[in-house]
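Peer 1: Sequence first, predicted coordinates after that:
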Amino acid sequence: MAKTAISSKRLSDQLPNQVLIDWLRSMQLIREFESRTMQAYQQAKIGGFCHVYTGQEACAVGTLACVNDDDPVVLAYRDHGHALARKMTPEACMAEMFGKTTGCAKGKGGSMHMFDRPHWLFGGHGIVGAQTPLGTGLAFAAKYEREVLGQGLDGSEAKKKVSLCYLGDGALNQGAFHEAQNLAGLFSLPVIYIVENNGYSMGTAIQRGTTMPDDLCLKAAGYGIDAIQIDGMDIRNLYDHFKPFADACRAEQKPGFVDLKTYRYQGHSLSDPQKYRTKDEVDQWKERDSIAALLHHLMTERACVSEEDWKNMTGDIRQQVREAVDLADKAPDPDVATELYSDVYANPQKGLSPSCDYNHGLKNPLL
Amino acid sequence: MPELIETPIHPAAGPWDLPEFVSEDQLPSRQGDRVIQYREALREAMAEEMRRDKRVYLIGEEVAQYNGAYKISQGMLEEFGPKRIIDSPISESGFAGMSIAAAMYGLRPIVEFMSWSFSLVAADPILNNAAKMLYMSGGQWGCPIVFRGNDGAGGQLGSTHSWCVEGLFANVPGMKMVIPSCPYDAKGLLKTAIRDPDPVFFLESERMLGDRAHVPAEEYYIPFGQAAKLREGDACTLVSFGRPVNFCLEAARRLAEDGIECDVLDMRTIRPLDIESIAASVQRTGRVVVVDQSWPFGSVASEVMAQVCEHCFDWLDAPPARVNTADVPTPYAKGLEQAYLPNPDRIVAAVENIVQG
């Protein structure tokens, strides 16, 4: 399954220590954040559906490490981890789940809809597979920008971009994804569909839901899209293989598909009793934990992180997330008078509704 | 705490220049000898806006090499090239969703549905993504996109190809809905739709594409939310949208022969709805018939009637009435289809019923 390094000189081995330490910090931030998310959910501070990312941290951190800050990114509903990996502040992310004005969508989106315009994060999307035509469109727009406008929309120099579109293995079976792949293949659009294959779409194991579950790359081949299978539990291995793959999609302005093998430690959502899998199975995956593996590498082979460093790092992160929770808790609820009827139309006009006049509310705190 | 947004256009819309709107009497004349088809008026609107703004592109099935399934985009491939006039495979959900993201990114897509009937397989992107994006993102991303295509029955196309989507889709906040009844309005409203920073559902009609009328060569923009009064009378108000406006005019001519003079209002846009013009008319006539080519239950007609009751209850001399399509799937047989649609006979009967009753 996992592709291992093909040469002794691995790509990730050439990165400076600090890059890998930053990965470790980012992954640990997600893990800590999600543990506080679960706590807040149990305290009913967070409502609705809530899907945590625990176990899959290497996927978001590793893939995002391979692209540029202004490459567009679009997500499914399990989106907190990617938002943090993309440098959304824990404050904005947690406050969104608390439904507060300081949230990334001013409390109007919730757990499944993390949007961060300054970081080119075009949102988490709740309908399975719905984000796949969007990811395709981001690639289309970036290509159009370069080829038709001849410059960036903001007047900057035109550049080759690649769009990252994350989905789960459940979305493989949704019609929209097949239309999206066909369009991307047909128009040669630089979008990479990253299938975070955690083996389950809710309670349905992958072999009960899709054909050729052991080699999903065959599906992409059906659309003429280059595909690669990568072990997503080992972030160094992920970087070794995804970085050249993403670079090629960018350089050749073509689509890609990644079957990224991973595992979620928690249920599908926080209301999932998980009767479809055994504790042994979960424990086996935990033995390959991505954070533990990277930490071990940094402590031994690179010898650049000490026990004390790690203790300090986890302590700092714990404090940072605790503050995010506190701030979210204390932040104001959205004001009904300004927020219920705002952000519905960019150009509100008279007569749009029989029951209200739309207005412009508060500026988004991220903008 | 963040501050309130004070600009008229939401910052999510990015760089924006709304056209200068003038009052109806300052628009170029509707009279003249530059007679073109409705489809050509649509083409002019798109071509003018594409010349003005390179961010605008057209995508849809058969729009480029085939020159448009209904010849609306004829010649546009030649002028703008294949990167801006884009043939799509039959994947409504795919190309609609793709263009929604392109709109978020900063382009100004025009998405042609060969028929709005086919938009149903793209319901998730157009309703969940386009209409809700600004709200769900807390004002970070809007969706400046136009979806346009044929709406409505009338060509014996059977049940699945004869959809009138206005009743279904007008229910969803976040989008605007435009439905022109004549070539002049088709051009002026489509230009406004392309310039508007919100998602616009633009409903045309296969049965009107060949309609011919004077359309000015110059550029003009018709604002949303302003009804056109096409005929004046004091006996009854006829309110309609899109193709049935023409049936209302025919019915009004026939009623006038019997001395029944009607106000005829062409609403031109469904969302926003110019309820003020309707109310002003009904407060004068005391009677209203709403003519709507979608089904009656939960329809645009029922919405107009509800708003008439809210605004004009004390002025009404008769219960508001409506003429919708028959409440059945669209039939194929010619006679059945004619009976199914709103038509001048049914409108005349509805007016006579409330005027004489």
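Peer 2: Done, it's in. Please read these numbers as outputs of a predicted model, since none were measured by experiment.
Peer 1: The lengthiest helix in chain A - contacts with which helices or strands?
Peer 2: Determined from DSSP state H, the single longest helix within chain A is helix A:17-42. Applying 3 or more CB pairs under 8 Å, 6 or more residues apart in numbering or on different chains; DSSP states H and E, we find helix A:17-42 packed against helix A:57-64, helix A:80-85, helix A:90-97, helix A:235-252, helix A:290-299, helix A:307-330. C-beta here means a position set from N, CA and C on the backbone, and glycine is covered the same way.
Peer 1: In CSV, list these along with distance to residue A:48 and mean pLDDT.
Peer 2: Shown next, in CSV, are those (distance: least, CB to CB, whole Å; pLDDT from 0 to 100):
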stretch, distance to residue A:48, mean pLDDT
helix A:57-64, 21, 98
helix A:80-85, 13, 98
helix A:90-97, 9, 98
helix A:235-252, 30, 98
helix A:290-299, 28, 98
helix A:307-330, 15, 98
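Peer 1: Now do the same contact list for the residue nearest to residue A:131 when sequence neighbours are not counted.
Peer 2: Using CB to CB, 6 or more residues apart in numbering or on different chains and skipping the chain neighbours, the partner closest in space to residue A:131 is residue A:125 (4.0 Å). Under the criterion of CB atoms under 8 Å, 6 or more residues apart in numbering or on different chains, the neighbours of residue A:125 are A:74, A:75, A:76, A:77, A:112, A:113, A:131, A:134, B:129.
Peer 1: Quickly note the distance from the fourth one to chain B.
Peer 2: Separation of residue A:77 from chain B (CB to the nearest CB, to the nearest Å): 12 Å.
Peer 1: For burial, what's the neighbour tally of that residue?
Peer 2: By the criterion of other CB atoms under 10 Å in any protein chain shown, residue A:77 has 22 neighbours.
Peer 1: Please tell me how far the nearest residue to it once chain neighbours are set aside sits from residue B:131.
Peer 2: Spatially, and ignoring its direct neighbours in sequence, residue A:77 is nearest to residue A:112 (3.8 Å; CB to CB, 6+ apart). Using CB to CB, to the nearest Å, residue A:112 is found at 17 Å from residue B:131.
Peer 1: Parallel or antiparallel, which strands does the lengthiest strand in chain B pair with?
Peer 2: Counting residues, the longest strand found in chain B (DSSP state E) is strand B:108-115. Strand B:108-115 sits in its sheet next to strand B:56-60 (parallel), strand B:146-150 (parallel), going by DSSP bridges.
Peer 1: For the first one, the averaged confidence score.
Peer 2: Averaging pLDDT along strand B:56-60 yields 98.
Peer 1: quick one: the next helix or strand after that strand near chain A?
Peer 2: Once the chain leaves strand B:56-60, the next helix or strand it forms, by DSSP states H and E, is helix B:76-80. No. Helix B:76-80 lies out of reach of chain A by CB under 8 Å from any CB of the partner chain, never closer than 9.6 Å.
Peer 1: For beta bridges, what are the partners of residue 228?
Peer 2: No chain was given, so I picked chain A. Bridge pairing for residue A:228 - DSSP bridges - gives residue A:258.
Peer 1: The intended chain is chain B.
Peer 2: Note on residue B:228: beta-bridge partners by DSSP bridges are residue B:266.
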